[in-house]
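Peer 1: give the three-dimensional model of this entry:
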Amino acid sequence: MSSALVLAAVPLLLAAALLALMKVPTNLQLTVTDTALVIEPQGLDRWWTRRDRIEVPLTSISSIRIAPRSEAPPPSGRHAALHIEGLITAGAWADTFWDVRRGDQLLVIECLPGAEFAMLVLQFANPFATLTRTRTVLAPQRVSHS
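Peer 2: Purely as a prediction, here's the structure:
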């Protein structure tokens, strides 16, 4: 194969990859254990976020809510992450962890000072169901820790 053909194929492959990013939803698993909220990126999300697991102690969570993307803090500062405006934001920016594609309704987990992240901004296929399930599991935990 000639080098000219290879060079011509590179932009096409990059365009195809960007198109795939627009279509591929986030792939996160969220679990609540006795002591922590565990977020595990799956598949390509592990690569994009550069994380395979984040454990947030239940005692470190100050709030969990659904927020429009416009209310989430913009990615800024030092980062080890991927950001292509309007397509994907994945990884850590200073004290905020993101795993979001093009979604507008995001699950925002705010943490108390001292936690690994001050905030986690996550996209799920059905953020309201995820919020309800998480709050249902967390409610008894919070009562028992009070």
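Peer 1: who touches Leu12 in this structure?
Peer 2: If a contact means C-beta atoms under 8 Å, 6 or more residues apart in numbering, then Leu12 has no contacts. Glycine gets a C-beta too; all of them are placed from N, C-alpha and C.
Peer 1: which residues in this protein form strands?
Peer 2: Counting by DSSP state E, the segments of the chain that form strands are 28-32, 36-41, 54-57, 61-68, 79-84, 88-93, 96-100, 105-111, 119-122.
Peer 1: can you name the residues bridging to the most centrally placed residue in the chain?
Peer 2: Nearest to the mean C-alpha position of the chain, by C-alpha atoms, centre = their mean, lies Asp99 at 2.2 Å. Judged by DSSP bridges, the bridge partners of Asp99 are Ala90, Leu122.
Peer 1: was I right about it contacting Ile109?
Peer 2: No - with contacts counted by C-beta atoms under 8 Å, Asp99 stays clear of Ile109, the gap being 11.5 Å.
Peer 1: list residues touching both of the two?
Peer 2: Going by C-beta under 8 Å, 6+ apart, residues that sit against Asp99 and also against Ile109 are Leu122.
Peer 1: for the chain, which spans come out with low pLDDT?
Peer 2: Flagging of the chain using pLDDT under 70 yields the residue ranges 1, 6, 17-24, 77-80, 140-146.
Peer 1: return the distance of Pro25 relative to Gly43.
Peer 2: Taking C-beta to C-beta, to the nearest Å as the measure, Pro25 falls 10 Å from Gly43.
Peer 1: now Ala9
Peer 2: Distance of Ala9 to Gly43, given as C-beta to C-beta: 25 Å.
Peer 1: please state the offset of stretch 120-138 from the chain centre?
Peer 2: Distance of stretch 120-138 from its chain centroid, counting by C-alpha atoms, centre = their mean, to the nearest Å, is 12 Å.
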